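Asker: The sequence and its predicted three-dimensional model are supplied below.
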Amino acid sequence: MGDKVIAYRRLFPDPGEVAITTLLQELREQPPPDGVRPHTLVNFIVSADGRAAYQGRSGALGDAGDHALFHGLREHADAVLAGTSTMRTERYGRILGDAERRHRRVQSGRRAEPLACVLTRSGDVPLDIPLFADTEASVVIFSGRQVDVGEARAQVDIVQLDPTEVTVTTALRRLRSDYGVRTLLCEGGPTLFGAMLHEGTVDELFLTVAPKLTGGGHGPTIVSGPELPELQPLSLRWVLERDGSLFLRYALDSTPAR
Ligand SMILES: NC(=O)c1ccc[n+]([C@@H]2O[C@H](COP(=O)([O-])OP(=O)(O)OC[C@H]3O[C@@H](n4cnc5c(N)ncnc54)[C@H](OP(=O)(O)O)[C@@H]3O)[C@@H](O)[C@H]2O)c1
């Protein structure tokens with residue numbers, strides 16, 4: 001699906017209509033990171049009552065504006081990271097199926113498909129999801145245990161780490177040094193995001209607030225795990241609106257370069 005017709009109302013800064021293509025161009029114009037890990041973006045959607053899932057999954061919260069941003073961020077990233085539970089529940093497939101987006105990436109000198117990345121302590125990776133059956137997909141698994149990818153048709157690299165080294169910091173450093181990843185998109189879930197915040201490995205948060213209420217239940221918020229020792233301050237980079245959804249982009253202040 002092309003995304004040229006998707007436009008948002010920018011409320012901050014510079015109010016006015018703005019196309020998704022322009023927003024993504026803004027992302028591309030950022031200087032490349034020079035640190036030891038990739039520039040790391042995290043993208044989540046929440047209901048207006050703060051839940052990151054409804055009936056166990058996030059899909060029902062989104063709409064066309066959210067999908068355009070979700071896929072636009074994927075198009076922008078060199079690699080996409082998700083926790084094993086998110087990959088399992090959301091039934092991940094190949095990261096970028098749309099031919100137009102793949103073509104644009106190749107035209108700008110990048111590989112057509114962002115690398116899909118998984119981090120696991122247990123080694124229990126959901127090998128039955130469509131991602132592993134797709135010959136076009138490239139996946140790297142950082143694991144504290146041995147993983148047998150069996151009959152996977154995707155190209156899969158397994159980076160076996162010492163169990164004490166299975167941290168986001170280690171995975172991100174290896175993505176930068178061994179895979180040349182400069183921009184990483186993390187799509188959650190809450191457990192992985194919690195670990196990333198504790199390790200100080202997040203640069204930006206893209207948060208969509210959907211104009212929907214779950215009404216309660218046990219759906220997670222966007223982050224799980226222990227509280228941070230101090231509040232993490234955020235700086236607002238943009239606020240967009242489309243069909244009642246709010247699209248917030250924050251920079252995390254004072255993230256140490258790890
Ligand atoms: N609204 C949204 O935008 C959004 C986005 C994503 C997910 N979700 C929802 O969130 C729910 C899943 O959340 P979740 O918190 O259970 O899952 P998650 O963060 O996707 O996955 C948790 C698993 O990832 C691995 N992991 C996470 N942090 C790790 C670390 N620091 N080191 C090593 N491995 C690590 C572990 O795998 P092992 O157990 O294999 O060791 C852990 O059990 C689903 O309902 C999904 O729909 C919503």
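Answerer: Right, received. Where do you want to start?
Asker: can we go C-alpha only for contacts and neighbour counts from here?
Answerer: Noted.
Asker: could you pull out the strands for this structure?
Answerer: For the chain, strands defined by DSSP state E occupy the ranges 7-12, 16-19, 39-47, 79-83, 115-120, 138-143, 155-160, 183-186, 204-210, 234-242, 245-252.
Asker: hey, which of these is tucked in deepest?
Answerer: Mean neighbour count (mean count of other Cα atoms under 10 Å) peaks for strand 183-186 among the strands of the chain, with a mean of 26.
Asker: got a list of contacts for that one?
Answerer: Strand 183-186 has contacts (Cα atoms under 8 Å, 6 or more residues apart in numbering) with 33, 38-43, 73-74, 76-82.
Asker: how does it look with 7 Å?
Answerer: Applying Cα atoms under 7 Å, 6 or more residues apart in numbering, the external contacts of strand 183-186 come out as 38-43, 74, 77-82.
Asker: can the strands of the chain go into CSV with extra columns for mean pLDDT and distance to the ligand?
Answerer: What follows is the strands of the chain, written out as CSV (pLDDT from 0 to 100; distance: least, Cα to the nearest ligand atom, whole Å):
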stretch, mean pLDDT, distance to the ligand
strand 7-12, 98, 19
strand 16-19, 96, 22
strand 39-47, 97, 3
strand 79-83, 98, 3
strand 115-120, 97, 4
strand 138-143, 98, 7
strand 155-160, 97, 12
strand 183-186, 97, 9
strand 204-210, 98, 8
strand 234-242, 97, 17
strand 245-252, 97, 12
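Asker: could those be laid out in a markdown table, adding distance to P130?
Answerer: Converted to a markdown table, the strands of the chain look like this (distance: least, Cα to Cα, whole Å):
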| stretch | distance to P130 |
| --- | --- |
| strand 7-12 | 31 |
| strand 16-19 | 31 |
| strand 39-47 | 21 |
| strand 79-83 | 15 |
| strand 115-120 | 12 |
| strand 138-143 | 12 |
| strand 155-160 | 13 |
| strand 183-186 | 19 |
| strand 204-210 | 26 |
| strand 234-242 | 31 |
| strand 245-252 | 29 |
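Asker: pretty sure V46 is touching Y54, no?
Answerer: No: in this structure, V46 is not within contact of Y54 by Cα atoms under 7 Å, at 9.5 Å.
Asker: how many neighbours does L27 have?
Answerer: The tally of other residues near L27 (other Cα atoms under 10 Å) stands at 12.
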